[in-house]
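Peer 1: based on what follows, work out the 3D shape:
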Amino acid sequence: MTDQDPLRPSGTVYGRGGLDVRTDERAGLPKAMIIGVGAGAVAVLGLGYAAWSSTGGADSEPAAAATAPTPAGTPQPDPAASSPAKAQLAAGSWLLSPLGDPDTYLTVNGDNAKMSPADPATLTVQAGLADDNCFSFRLEDGRYLRHYDYRLRFDAAEDADLFRADATFCQEAGTGAGTVRLRSKNYPEYLLHRRDDDSLYIDKPEGSGFTAESSFMVQAAS
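Peer 2: I've put the predicted structure just below:
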């Protein structure tokens, strides 16, 4: 039996001493495979970061707030609310009164027309003698309202173009509901106008009160 050094392991040990210079193998994997796996992990991480960045990440700006719709019950402006009232004159029998004075009427004073609270004249309104789109006014005795030397008067019908034009008036909307303004057919710059003495003329618009003085209420004849 051979004596053994107590500091040496028993049995024979084979191999070279010093550093092991063989190919590094960890858990049975060669070094090339280990490097490849590491590179793949880095690539996966890079792709994930790119996807995260494309969606805005944590620093992306919030989406713009949607505009609140107009409530269904919100009233809309009525474009017709500020429009003048439509004229009310039509074919038939009518009384004509000044604006805001329903107890005063167009009356007959000899051959002339004027405004008065007594004896209202019932006017038969018909298509205009000179223009079917306008109107002419006839009394029960057959005389027509016409202008002569700018003053309004009643004359028997004449078979003449001048008479037919003098007796034709085109309506426009007045300043209030149920009111009209009457423009001369052959003097289109002139409108039927109530003067201070209640006489009636065709006049050119003049002064701040002209619009009211040339507006007339239409009332049905009783």
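
Peer 1: residues contacting Glu172?
Peer 2: By CB atoms under 8 Å, 6 or more residues apart in numbering, the contact list for Glu172 reads 87, 180-183. Yep, even glycine has a C-beta here, placed from its N, CA and C like the rest.

Peer 1: among those residues, which one lies nearest to Leu106?
Peer 2: Taking CB to CB as the measure, Leu106 lies nearest Leu182 of the contacts of Glu172, at 10.7 Å.

Peer 1: is the closest one in contact with Gly174, as I believe?
Peer 2: No: counting by CB atoms under 8 Å, no contact exists between Leu182 and Gly174, whose distance comes to 9.5 Å.

Peer 1: most neighbours of all the contacts of Glu172, which one?
Peer 2: With neighbours taken as other CB atoms under 10 Å, the top of those is Leu182, carrying 28 neighbours.

Peer 1: next, count neighbours for the residue nearest to Asp119 when sequence neighbours are not counted.
Peer 2: Closest residue to Asp119 apart from its sequence neighbours, by CB to CB, 6 or more residues apart in numbering: Thr107 at 5.1 Å. Other residues near Thr107 come to 19 when the count uses other CB under 10 Å.

Peer 1: possible to save the contacts of Glu172 as TSV with secondary structure and distance to Ala121?
Peer 2: Below are the contacts of Glu172 laid out as TSV (DSSP: H, G, I helix; E, B strand; the rest coil; distance: CB to CB, whole Å):
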residue	secondary structure	distance to Ala121
Ala87	coil	20
Val180	strand	16
Arg181	strand	19
Leu182	strand	15
Arg183	strand	21
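
Peer 1: and which of those residues is nearest to Glu158?
Peer 2: Minimum distance to Glu158 across the contacts of Glu172 is 20.5 Å, recorded for Leu182 (CB to CB).
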